[in-house]
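Enquirer: structure for this input, please:
(4 chains, ligands or ions: 2)
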Amino acid sequence: MTTATVPDHRGRYGVFGGKYVPETIMFALEELETAFNEAIQDQEFNELFQKELAIYSGRPTPLTKADRLSESNGGASIYLKREDLNHTGAHKINNAIGQALLAVRMGKKKIIAETGAGQHGVAAATVAAKYGLSCKVYMGKEDIRRQALNVFRMKLLGAEVIEVTSGSQTLKDATNEAIREWVAAVEDTFYLIGSAVGPYPYPKMVKQFQQVIGHETESQFKEIQQGKLPDAVVACVGGGSNAIGMFAPFIEKDVPLYGIEAAGMGVETAQHAATLSKGSNGVIHGSLTKLLQTSEGQITEPYSISAGLDYPGIGPEHAYLHETKRVTYEAVTDEEALHALKLLCENEGILCALESAHAVAYSLKLAKEMQKDQHVVVCLSGRGDKDVHTLMEFEEGGNEDE
Amino acid sequence: MTTATVPDHRGRYGVFGGKYVPETIMFALEELETAFNEAIQDQEFNELFQKELAIYSGRPTPLTKADRLSESNGGASIYLKREDLNHTGAHKINNAIGQALLAVRMGKKKIIAETGAGQHGVAAATVAAKYGLSCKVYMGKEDIRRQALNVFRMKLLGAEVIEVTSGSQTLKDATNEAIREWVAAVEDTFYLIGSAVGPYPYPKMVKQFQQVIGHETESQFKEIQQGKLPDAVVACVGGGSNAIGMFAPFIEKDVPLYGIEAAGMGVETAQHAATLSKGSNGVIHGSLTKLLQTSEGQITEPYSISAGLDYPGIGPEHAYLHETKRVTYEAVTDEEALHALKLLCENEGILCALESAHAVAYSLKLAKEMQKDQHVVVCLSGRGDKDVHTLMEFEEGGNEDE
Amino acid sequence: MNKRWEVFQHSSDYRFTPYIMAGDPCEEATIELSLALEECGAHALELGVPYSDPLADGPVIQRAGMRGLAQNMNLEKTVKLVSKLRERGLKIPVIIFTYYNLLLQLGENRFLKLAENSGVDGVLVPDLPYEESGYLRKMCSEHNLALVSLVSPTTREEKLARLSREAEGFLYCISSLGVTGIRSEFRAGLDDFLKAAKRNSRVPVLVGFGLSTREQIQQFDGSSDGFIVGSAIVKKIEELESDLLTNREEAIKTFKSYIESLLPVYSR
Amino acid sequence: MNKRWEVFQHSSDYRFTPYIMAGDPCEEATIELSLALEECGAHALELGVPYSDPLADGPVIQRAGMRGLAQNMNLEKTVKLVSKLRERGLKIPVIIFTYYNLLLQLGENRFLKLAENSGVDGVLVPDLPYEESGYLRKMCSEHNLALVSLVSPTTREEKLARLSREAEGFLYCISSLGVTGIRSEFRAGLDDFLKAAKRNSRVPVLVGFGLSTREQIQQFDGSSDGFIVGSAIVKKIEELESDLLTNREEAIKTFKSYIESLLPVYSR
Ligand SMILES: Cc1ncc(COP(=O)(O)O)c(C=O)c1O
Ligand SMILES: Cc1ncc(COP(=O)(O)O)c(C=O)c1O
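Expert: Ligands and ions are numbered 1, 2, ... in the order given. Next up is the predicted model:
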């Protein structure tokens, strides 16, 4: 397999990646790259990171066998990597802790972050509080309206939430705005990106801080299954951070990997977020990757019931893994995800995030076609408490239709 | 210390405890006692319980040092036992798993539970889904209205939520109603009580399933502090399950213990839930204990901003530990709890449950009066996601006053 | 055993023991309802005490308790009400039906003295099982009060035998699991349970919980010595509430004809 | 180096390079505004292309882009618009200011051919830093287009020297950190930065970002060879939007007198 060589020294995954940003912040990316490379070669830093993951976020997260779900589904057994049990409820905190520790190491006192539904915003505000950094979170006006609870949480954590009124007033615009602020305040500000996207070295860095998911999974699975590897590994893909973290140790091994995008109302409609299935090469937020856009290059607004998958781009390494066919990318609709969420809830007592439900939905399909003695591991990237409102609205809407 | 001898064979903690229930369910309590005693002497059962705690709920939960909070507070360092990181967000799941495994062992297929704010209801519905049991949750009409999200969650988990319209339509009435249902369906139904209350053997059983909190804390603290014990241990007390679980290994040791009740608007007002400070001996939900009542014996409705402390009784062992002065019980107001919640949030990036915030508030007071080289451990019984609505309402109300 | 209990125990009737809630809908109504019940042939009377948390009761009696609470009725007043009943001529045994917490707050000793002096004949505490009743049992016998025991189809054989042997006043056999309330069906195997209870009991064995029609009542004649009717009567009182407050004479008349319609034809 | 650039480079004026958005508020307005700017003395013109995600721009230019998008303006049409400008007599160099994604979708080669044939003189891609610009740079020079470089006060010394040396058309020096937009103050140490840029540059060094008043502009005379005004002009166009659509002649007159009020007195 050829992936060992990516990214190259220019931050390229094949044609993807790079640093498509204004000259003003180029020095900051270099500074960051240097600091990051030094940090991950420093044992003290790595130990500190591991320690914080353990005593603050509660890692390792367990690998739970979904007995009743697997049985009722038929086929292979399904294992759940329980990122939902992390502090703040999703894998996002792994990366936020890593980047915050790096910010502290670099002597930065301010962080900025973008957020869509507010999950990464809460994670960023959390680590800012924990490590004594000031924090501004950029969030679309439309998202602020829809996610009032998360906005309140960020404020409780001491963060400033900045309303973004440009463009479509959602995640992509919040990201643009965060980058604008970074360009303006680059000299003393650390931009804490929430997924495996953005200009190099962000995709590499986010993978580094998220790969704990995959490493734990590998050793937990081996312990349960006498040193074997899983027969399939599945993760949902928005920007791609939980997926790349989960895939990391398996990419070079003979394990089938599946990244699941949001098909929203269906990839044949205009209402989806299936970047790899339906997108084309382009530049978004500093990186050359696949994205959803018009033929003229205007970036389009994606749709998914899950706010965390609702992103028009995707991390460049996924674009590469897609192109090289090392990972199979599939899309799952709102309806399939909701159905899977309910099945998981009723059979295992676990209310997962709508994002993660996409991965669960696909694992159910996959497991059905596999043998009883095979094993599918799915990354349960977060918990669904945040989604209860959406689920309720959906149920109500659904009931009205009946 | 004299506590080693409680409970006696009649389920008494001094004068407290016992089984004040209708004759119809007496046989079920005996059956339960026998099954429980057998189970906890069965290594297989204990191992299964420990395994489920680990791979399903993510135990051990970490012991997090609250560096910035301790520093800004002055005095002793504060450590947080992170029960908020459990599956479903609070210590409640420890007990729910334990009782559900026992129900399965006893061949019961149905569980019933009472709930106030819905936390124990969600925990019960969760384990019911996980272990394939049917589940009815009794909840006051008033609480159903206030906690629509948790009601929806329980339904998603496949539980039936039964509206209780009797009495004041809150937790105590829901508990009455659950007991009524148990009396009717006792032959095939397991009553899964959510706190260290109820008739014997419930208080003992809940303690048994919650003592993992204290045992983990002891060994984690010893590992960090070279075999020493904490200088103080603090926990909030509603019915008293997280507190008794936390105190369990320390009761027989020379460690000052503090149980913190809800003083609501102040113990001098009628709006509080400070059972031990203001209550008198009486019988509630099958147990002789301290409770809030009129001089004629009518049980009064308690008040606290935190739904989980809003209970007019308290577990009988706490009444006993109060009477024997082994544990110091103090009360903390809504306002103090809210203030502590915010401090914890801003300094450590941890949004704790309003219940737990009572314990945090008292630890801050306590730590201030202690030496810099001393250590206070506080049980962070749950996370505060569930309370964001209440906090928002309070902030809005507060702002209007200004 | 006092005189009133003697009459009760030696009756050859199929004994009728109604339950009503003190203070529902007002004290005077309770008095007149009690007298009316005696007139209709009640052999004993259970007088409930309003309580905030009546966990052994179904909705009908819960509501009656709320009405009683609204009248500020309490245990002490209920006991004193029995004095008034005696003054007004009530002759049948009266059993106070009270939750244990009310007893505790009034003080067990104070209650017992007061009860003895007020013409109370017995106490029934639905949430005080035999195992917890040692002290009260002893004190009751010192104060000439019967501590009436409840037994249930779920009571284990040995315990049933013991409770039956030690029963005072009467033995209250629960006809079905669950709380008080009207039922349309009864438990299979109830006859065996009643037989077992009767085998050891020195006192009359009464069946109760859920009986609401003459047919239901008649079916237990033979297997038991009497019957208790609570919720059905309390429900009738609820229906008559406003008349009982403002047009009492009429209401009592209606009440009596209801009671008559309920009783087995042969019980008078 | 084409003729137009030669004129630009050999001018002894303090060079004025305005920025406007293509299609704001309509294509014809863009044409007339461009001609008006030349009449007022502009030495070159930057023509922006509407983009959904203009992350180097502040709110004023973002809004102009939205107006342009509403007119269905795009990169291809912007390039073709330059043909029309040439037909209408525009003589100064025109630089297309476009985000990289628009270039990618049109196709870099297709763009270059089209630009060359349409009388475009240069391209400026704000999100294509030097490090990523190798291919486009090479292709631009093959198509006689200047790839205009931006340098910032945060650009490291060595890189600044290199970019200055290799600059084509002009060197765009960012006056302050952040996105495009009107600023009331500039960065301390700006003079040193401009001096360093001038030291190595073979082409005129222009300062831009945030300039909006004659006073601000004059303060850079001496330390730079010219200046760029974007947001201030675009804001004026926004103010004149409805007149530019319906009463264009009047609007252009107002626009010209605004431009005159902005320019340093000695620049004509
Ligand atoms: C729970 C959860 N899962 C997945 C995602 C998608 O992000 P990524 O693709 O970076 O893992 C999000 C983003 O908010 C999330 O909250
Ligand atoms: C987070 C949390 N802490 C504490 C409590 C109080 O219960 P206990 O006193 O049994 O620990 C509750 C009850 O709902 C709770 O949810």
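
Enquirer: return the helix or strand in chain C with minimum mean pLDDT.
Expert: Least confident helix or strand, chain C: helix C:214-220 with a mean of 90, by mean pLDDT, DSSP states H and E.

Enquirer: packing partners for that one?
Expert: Helix C:214-220 makes packing contacts with strand C:226-229, helix C:248-262 when contacts are defined by 3 or more CB pairs under 8 Å, 6 or more residues apart in numbering or on different chains; DSSP states H and E. Backbone N, C-alpha and C define where each C-beta goes, glycine included.

Enquirer: out of these, flag the one nearest ligand 2.
Expert: Proximity to ligand 2, assessed across the helices and strands packed on helix C:214-220 by CB to the nearest ligand atom, is greatest for strand C:226-229 (38.2 Å).

Enquirer: show me what the closest one is packed against.
Expert: strand C:15-21, strand C:205-208, helix C:214-220.

Enquirer: check which helices and strands the shortest one sits against.
Expert: Pointing back at strand C:205-208 there. Checked by 3+ CB pairs under 8 Å, 6+ apart, strand C:205-208 has strand C:15-21, strand C:171-174, helix C:190-200, strand C:226-229 packed alongside it.

Enquirer: with the first one instead?
Expert: Of the remaining helices and strands, those touching strand C:15-21 by 3+ CB pairs under 8 Å, 6+ apart are helix C:27-40, strand C:45-48, helix C:59-70, strand C:205-208, strand C:226-229, helix C:231-239.

Enquirer: got the CA coordinates for it in PDB?
Expert: Provided in PDB are the C-alpha atoms of strand C:15-21 (Å, rounded to 0.1, in the frame of the first residue of the first chain):
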ATOM      1  CA  ARG C  15     -70.100 -10.000  58.000                       C
ATOM      2  CA  PHE C  16     -70.100  -6.600  56.200                       C
ATOM      3  CA  THR C  17     -67.200  -4.200  57.000                       C
ATOM      4  CA  PRO C  18     -67.300  -1.000  55.100                       C
ATOM      5  CA  TYR C  19     -64.400   1.400  54.700                       C
ATOM      6  CA  ILE C  20     -64.900   5.200  54.600                       C
ATOM      7  CA  MET C  21     -62.500   8.100  54.800                       C
END
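
Enquirer: so what touches that strand?
Expert: C:8, C:30, C:33-34, C:37, C:40-50, C:61, C:64-65, C:67-68, C:95, C:97, C:170, C:204, C:206, C:208, C:225-230, C:233-234, C:237, C:259, C:263, C:267 (CB atoms under 8 Å, 6 or more residues apart in numbering or on different chains).

Enquirer: can you count the residues close to residue 192?
Expert: Because you didn't say which chain, this covers chain A. 28 (other CB atoms under 10 Å in any protein chain shown).

Enquirer: that was the other one, I meant chain C.
Expert: The local packing of residue C:192 (other CB under 10 Å) involves 11 other residues.

Enquirer: just to revisit the earlier point, ranking the helices and strands packed on strand C:205-208 by burial, who's on top?
Expert: Stretch with highest mean neighbour count among those: strand C:171-174 (a mean of 28; mean count of other CB atoms under 10 Å in any protein chain shown).

Enquirer: run the chain-centre distance for it.
Expert: 10 Å (CA atoms, centre = their mean, to the nearest Å).

Enquirer: and the helix or strand containing residue A:54, which residues are buried?
Expert: If you go by DSSP states H and E, residue A:54 is part of helix A:43-55. Using 16 or more other CB atoms under 10 Å in any protein chain shown as the burial criterion, the residues of helix A:43-55 that qualify are A:45, A:48-49, A:52-53, A:55.

Enquirer: distance of residue A:54 relative to chain B?
Expert: From residue A:54 across to chain B, the span is 6 Å (CB to the nearest CB, to the nearest Å).

Enquirer: quick check: closest non-adjacent residue to that residue.
Expert: Nearest-residue entry for residue A:54: residue B:62, 6.4 Å, with adjacent residues in sequence omitted and distances by CB to CB, 6 or more residues apart in numbering or on different chains.

Enquirer: number of residues surrounding that neighbour?
Expert: 22.

Enquirer: same check on the one 10 residues further on?
Expert: By the criterion of other CB under 10 Å, residue B:72 has 13 neighbours.

Enquirer: phi and psi next, for it.
Expert: Phi and psi for residue B:72, reported as degrees, to the nearest 10, are phi -70, psi -20.

Enquirer: on that earlier part again, what would the buried residues of helix A:43-55 look like in TSV with pLDDT and distance to residue D:139?
Expert: Below are the buried residues of helix A:43-55 laid out as TSV (pLDDT from 0 to 100; distance: CB to CB, whole Å):
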residue	pLDDT	distance to residue D:139
A:45	98	43
A:48	98	47
A:49	98	44
A:52	98	48
A:53	98	47
A:55	98	54
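
Enquirer: distance to chain D added to those, as a markdown table?
Expert: Formatted as a markdown table, these follow (distance: CB to the nearest CB, whole Å):
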| residue | distance to chain D |
| --- | --- |
| A:45 | 25 |
| A:48 | 29 |
| A:49 | 29 |
| A:52 | 31 |
| A:53 | 32 |
| A:55 | 37 |
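
Enquirer: now, among these, which is nearest to chain C?
Expert: Taking CB to the nearest CB as the measure, residue A:55 is the one of these closest to chain C, at 44.0 Å.

Enquirer: hmm, that closest one is touching residue B:67, no?
Expert: No: in this structure residue A:55 lies outside contact range of residue B:67 using CB atoms under 8 Å: 11.0 Å.
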